[in-house]
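J.: with the sequence up front, the predicted model follows.
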Amino acid sequence: MSAFVRAGDFEVPGDSIVSLTLRSDLTPIPLTVEANFIRDERLAAELVEGGVITVGRGVEYRIMKSVPSFAAIGEQQGRSTAAIQIVAYLNRAHEISYRRRTAVVKENATLGGIYAACGAQVPIAQDFRVPRFACYVGETPSYQIAALLQEEGGAIFWREGSIRFARLRDLQAGEPVSRIAASATTLIDSQFLERHQVPWFYSVRPDGALIFGNRSRERAVMYSPRKDEMTLRSMTRCLITRRTATGLFRPDINAGDVFEVDGRPQVVVTAAHHVASAADGSATRTFSKFWLGEVDE
């Protein structure tokens with residue numbers, strides 16, 4: 001644990017880490033950290049908004065939120081201890097979380113070019129070209145990139161130091177990293193919510209005729225300009241979270257991996273790996289939780 005977190009130029013002692021959760025998601029910022037540390041003067045100087053910490057195998061995270069708490073959370077060597085809670089984003093991608101001071105408009109650009117234009121320096125291992133991208137003044141690039149991925153019917157995930165793009169169907173067809181029984185998961189099923197949250201889309205051709213996406217179900221309806229029928233159909237294709245699974249500490253399984261649940265492939269939408277030490281007097285715990293989704297249209 002002592003080599004698990006580095007703040008500035010020193011390793012954070014294991015007995016200073018109360019808890020730490022590493023998350024990976026199928027989102028434009030694919031890695032985040034939430035952590036709670038026992039406060040001391042040296043750590044307080046490093047764990048500030050804008051600071052950088054290194055977690056695990058050399059991955060750097062930018063601290064986006066730091067909340068010191070001077071209320072006692074326990075005792076250490078007979079003295080009351082205070083805490084510092086932080087939330088941090090993957091450092092190489094954190095710039096896309098800020099609202100834009102200037103607009104970014106790109107045509108026939110790569111995903112990597114869009115990240116770079118928005119201030120992020122993220123290596124893209126599996127890239128693709130985008131006909132048009134626009135993030136205007138006051139908008140947040142991560143939201144616009146997420147909308148772009150929806151139009152492409154795909155998702156991005158973090159692997160071996162870079163971002164990779166894959167179509168949702170290709171993700172679900174991947175080789176399972178684990179096979180589990182449905183009884184080991186918690187089912188999430190609400191057709192009512194899906195009808196409210198997953199819309200179908202329509203657009204208008206240059207001649208004024210309407211074109212539609214997948215409208216085979218009763219859903220919310222949204223207009224999207226300058227789209228063809230294939231894109232409109234892709235925009236309704238999404239991953240619906242069906243199950244959660246909590247169990248052993250498996251930091252080797254992350255968003256984009258596939259579980260086989262009673263023979264059905266389910267994509268890891270979010271993976272959270274939690275470590276809680278006995279620094280605040282509670283029991284030591286380690287576990288992983290996975291949110292598993294199926295492609296729905």
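T.: Noted; the coordinates are in hand.
J.: was I right to think Gln150 contacts Leu239?
T.: No. Assessed by C-beta atoms under 8 Å, Gln150 is found out of contact with Leu239, at 10.7 Å. (C-beta placed from N, C-alpha, C; glycine too.)
J.: which residues of the chain fall in helices?
T.: All helices of the chain, identified by DSSP state H, fall at 41-46, 111-117, 141-152, 168-172, 191-197, 229-236.
J.: the shortest one packs against which elements?
T.: Under the contact criterion of 3 or more C-beta pairs under 8 Å, 6 or more residues apart in numbering; DSSP states H and E, helix 168-172 touches strand 154-159, strand 264-276, strand 285-296.
J.: residues contacting Val48?
T.: Residues near Val48 by C-beta atoms under 8 Å, 6 or more residues apart in numbering: Ile63, Ser66.
J.: now it: how far from Arg92?
T.: 20 Å (C-beta to C-beta, to the nearest Å).
J.: just Met230 next, same as before
T.: Distance, Met230 to Arg92, by C-beta to C-beta: 32 Å.
J.: neighbour count for the two, which is higher?
T.: Taking other C-beta atoms under 10 Å, Met230 and Arg92 do not tie; Arg92 has more neighbours (20 against 10).
J.: correct me, but that one touches Gly119?
T.: No. Assessed by C-beta under 8 Å, Arg92 is found out of contact with Gly119, at 10.4 Å.
J.: tell me which of the helices and strands packed on helix 168-172 sits most buried.
T.: Across these, the average number of neighbours (mean count of other C-beta atoms under 10 Å) peaks for strand 154-159, which reaches a mean of 23.
J.: just checking, what packs against that one?
T.: By 3+ C-beta pairs under 8 Å, 6+ apart, strand 154-159 packs against strand 162-167, helix 168-172.
J.: in the longest one, what's buried?
T.: Of all the residues in strand 162-167, those buried under the rule 16 or more other C-beta atoms under 10 Å are Ile163, Arg164, Phe165, Ala166, Arg167.
J.: and what of stretch 135-144?
T.: Cys135, Thr140, Pro141, Ser142, Gln144.
J.: can you list those in JSON lines and add distance to Arg42 and pLDDT?
T.: JSON lines is the format used below for the buried residues of stretch 135-144 (distance: C-beta to C-beta, whole Å; pLDDT from 0 to 100):
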{"residue": "Cys135", "distance to Arg42": "39", "pLDDT": "96"}
{"residue": "Thr140", "distance to Arg42": "34", "pLDDT": "97"}
{"residue": "Pro141", "distance to Arg42": "34", "pLDDT": "97"}
{"residue": "Ser142", "distance to Arg42": "32", "pLDDT": "97"}
{"residue": "Gln144", "distance to Arg42": "39", "pLDDT": "95"}
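J.: need the contact partners of stretch 88-96.
T.: 28-35, 52-53, 59-64, 97, 115, 118-123, 140-142, 145, 158, 163.
J.: would you reformat the helices and strands packed on strand 154-159 as CSV and include distance to Thr270?
T.: Output for those, formatted as CSV (distance: least, C-beta to C-beta, whole Å):
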stretch, distance to Thr270
strand 162-167, 16
helix 168-172, 14
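J.: let me know which of these is the nearest to Arg226.
T.: strand 162-167 (21.6 Å; C-beta to C-beta).
J.: okay, now the sheet partners of that closest one, with direction.
T.: strand 124-126 (parallel), strand 154-159 (antiparallel) (DSSP bridges).
J.: pLDDT on the longest one, on average?
T.: For strand 154-159, mean pLDDT is 94.
J.: do the first one as well
T.: The average of the pLDDT scores along strand 124-126 is 89.
J.: list the contacts for Val177?
T.: Counting by C-beta under 8 Å, 6+ apart, Val177 has contacts Asp252, Ile253, Asp257, Val258, Phe259.
J.: for the first one, give me its contacts.
T.: Taking C-beta under 8 Å, 6+ apart as the contact definition, Asp252 lies against Val177.
J.: Ser69 contacts Ala44, correct?
T.: No. At 11.4 Å, Ser69 does not count as touching Ala44 under the criterion of C-beta under 8 Å.
J.: name the residues contacting each of these two.
T.: Both Ser69 and Ala44 are in contact with Ile84, where contact means C-beta under 8 Å, 6+ apart.
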